[in-house]
Structure formats: structure tokens, C-alpha cells
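J.: Here's my sequence, what's the structure:
(one chain, ligands or ions: 1)
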Amino acid sequence: MPDPRHLCAEAVAREAGRLMRRRFEDRSSFSLSFKGHQDYLTEVDGEVERLVVSRLSALFPGDSFIGEEGSREASHSVWVIDPIDGTANFARGIPHFCVSIAHLEDYRPSVGVIYDPMRDEMYSAAVGAGATLNGVPLEVSGVPDIRSATVEIGWNMRSGPRSFLAVVEKVMREGAGMIRAGSGALGMAFVAAGRTDAYIETHINAWDVLAGLLLVHEAGGHVSDFLAGEGLAKGNPVLACTPQLREVLARASGIGN
Ligand code: IPD
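T.: Here you go, the predicted model:
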């Protein structure tokens, strides 16, 4: 029987996506600010997080929430939410962003849902049940040779330019093509869907990446041990890829486990 949290996460992600898309299409309807240098915040981020938390807490009153915009309470049954991943894209009118909802049971991802409202794409996974895109099963690319691979490398102000540029250089010297599209969650979803072959970032937060980690794992990919140490509270590096590229990318990125 399907996990009720899985079904509810999909329904709530769809509702959140509709709200986000409506606001995106009327960009004069929201204000914009910065949480830090190059760290965008729109009023829609808070609005979507409040919607997701209110829906899920009504359905699962015992659960707790960790969200990018404020909710920070962990328990053995916790939802981890990024209301808008790709906020800078959203703020600047670039239609590449999503809502990401993960559920952890006893510190292990049990459900991961990423919804892209502009493409109407629902990426969805439950532990042991596989990953799907709009209901169709997903599998990572299987690309065997780094010289024909496309790797997304995420960038942020937390780790600064030096570590980003070092990884870009090493990955490109191995012969891969490189992109950076500005949504870590969609970057992970694209690996699960075989649209790209790997996602790497030297530091990423749990809300950006947890749903994507389950998607890639369930689609047959390799994922680094993101939840090691204080990953849930403080973030960690991430490497997610088709298994054939694990060794070369672990070496190039220094993200080994
Ligand atoms: C950011 C995006 C970006 C990634 C950063 C994240 P936000 O999240 O996912 O692609 O490189 O690490 O912080 O701010 O758009 O939710």
C-alpha cells in the first residue's frame, strides 16, 4: 500500500506549485530582498513554506518541520522543505525553479517529491518503491565515459569561488561538459531522470537536496553520504551520479563517500 505521506506530499507540492507559478507570472505582485550577498529572498518563499507546513501539519499533527524559511524542529518523523529552490531564477524571471519536499523517518529519507510548476513535472520517490516523473519510472543515464558526460556543478556564496572553481577545473579536465542552472533540487532530479549524469556541490543545505537524494538513489544512482555528521542541520557536500562515473567524479570533486 502506498505511503500516505508520499501521496500527500505530491498533492501539497502541486498546490504549492500552482501558487508559485501564479505569483511568478505576475512578477509585480511580490517584493524582493536579500538574505545575504547573492542570496535572494522573495515574499513568495515564506508564503509557500507556510502553505506546505500548514497542509502537512494538519494531515500529520505529530510530525515536525525543517524549512529554508524558518521552520527548524527535528524529530523522528520530520519534513524537510524548500518552498522555492532556485529562488534567484524565480526572482529574475527565469522559469527554472521548484518546490522540494522530503520526509525523514528515523533520520533516513522515506519520501522525496520535487515539483517543477513551469514544466508541470512531478518527480516522486518513496524508499524501496522507485522514482518516477509524472508517473513514469526513472533510471539514471548509465553513461559510462566521463568524456561524454554532462555534469552540473552548483555554486553558492557559502563555500566561495575557490572550491567551486577547483572542482569545475578538475571535472572539465577529465573531459566532462559542465552546466550550472541555479536549482540544486532540479539538478538532482535531472540526474535521476538521466537528463544529466551528475550533480556536485561543495556545500548544500538539507532542504535543497534531500528529496533529490532519494530520487537519485531510487533511480539507481550513487549518492554521497549527505546525512553524515551534522548534514541535516548544517549541510554537507554532495555528489550524485550515474554509478559508472562514481570513481572519477569522487576523485575530481574530493567528495568520496
Ligand atoms: C540554492 C540553489 C542553488 C544551489 C545553492 C542553493 P535556493 O537554493 O539550489 O542552485 O547552488 O546551494 O542554496 O536559495 O534557491 O533555495
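J.: where do the strands sit along the chain?
T.: 32-36, 39-42, 64-67, 77-85, 98-105, 108-116, 121-126, 131-133, 136-137, 150-153, 177-179, 198-204, 222-223, 236-241 (DSSP state E).
J.: Nearest residue to residue 105 in space, please, no chain neighbours.
T.: Residue nearest to residue 105 in three dimensions, not counting chain neighbours: residue 77, with 6.0 Å by Cβ to Cβ, 6 or more residues apart in numbering. C-betas here are computed from N, CA, C, even on glycine.
J.: Figure out how far the lengthiest helix in the chain is from the centre of its chain.
T.: Criterion DSSP state H: the longest helix present in the chain is helix 4-24. With Cα atoms, centre = their mean, to the nearest Å as the basis, helix 4-24 stands 15 Å off its chain's centre.
J.: can you list contacts of it?
T.: 29-30, 44, 47-48, 51-52, 55-56, 59-60, 83-84, 90, 93, 95, 97-99, 101, 103, 110-111, 113-118, 122, 124, 126, 129 (Cβ atoms under 8 Å, 6 or more residues apart in numbering).
J.: how about residue 132, what does it touch?
T.: Counting by Cβ under 8 Å, 6+ apart, residue 132 has contacts 122-125, 138.
J.: what are the bridge partners for it, then?
T.: residue 124, residue 137 (DSSP bridges).
J.: What about residue 216, how many residues nearby?
T.: Residues near residue 216, counting by other Cβ atoms under 10 Å, number 29.
J.: Ok, the one 4 residues further on next?
T.: Residue neighbour count, defined by other Cβ under 10 Å, stands at 17 for residue 220.
J.: Verify the contact between it and residue 139 for me.
T.: Yes - with contact defined as Cβ atoms under 8 Å, residue 220 counts as touching residue 139 (5.5 Å).
J.: any idea how far residue 70 lies from the ligand?
T.: 13 Å (Cβ to the nearest ligand atom, to the nearest Å).
J.: Check that residue and give its pLDDT.
T.: You'll see residue 70 listed with a pLDDT of 78.
J.: ok, and the closest non-adjacent residue to it?
T.: That would be residue 49: by Cβ to Cβ, 6+ apart, it lies 6.8 Å from residue 70.
J.: who are the neighbours in contact with the one you found?
T.: Contacts of residue 49 by Cβ under 8 Å, 6+ apart are 67-71, 81, 83.
J.: Restricted to buried residues, select those in ChimeraX.
T.: To isolate the buried members of these in ChimeraX, using 16 or more other Cβ atoms under 10 Å:
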select :67,68,69,71,81,83
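J.: Return the closest of the contacts of residue 49 with respect to residue 237.
T.: When the contacts of residue 49 are compared for distance to residue 237 (Cβ to Cβ), residue 68 wins out at 18.5 Å.
J.: Mind giving me the ChimeraX command for buried ones among the contacts of helix 4-24?
T.: Per 16+ other Cβ under 10 Å, the buried members of these correspond to this ChimeraX selection:
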select :44,47,48,51,52,55,56,83,84,90,97,98,99,101,103,110,111,113,114,115,116,117,118,122,124,126
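J.: check the contacts of helix 4-24 against the ligand, which are close?
T.: Restricting the contacts of helix 4-24 to those touching the ligand (Cβ under 6 Å from any ligand atom) yields no residues.
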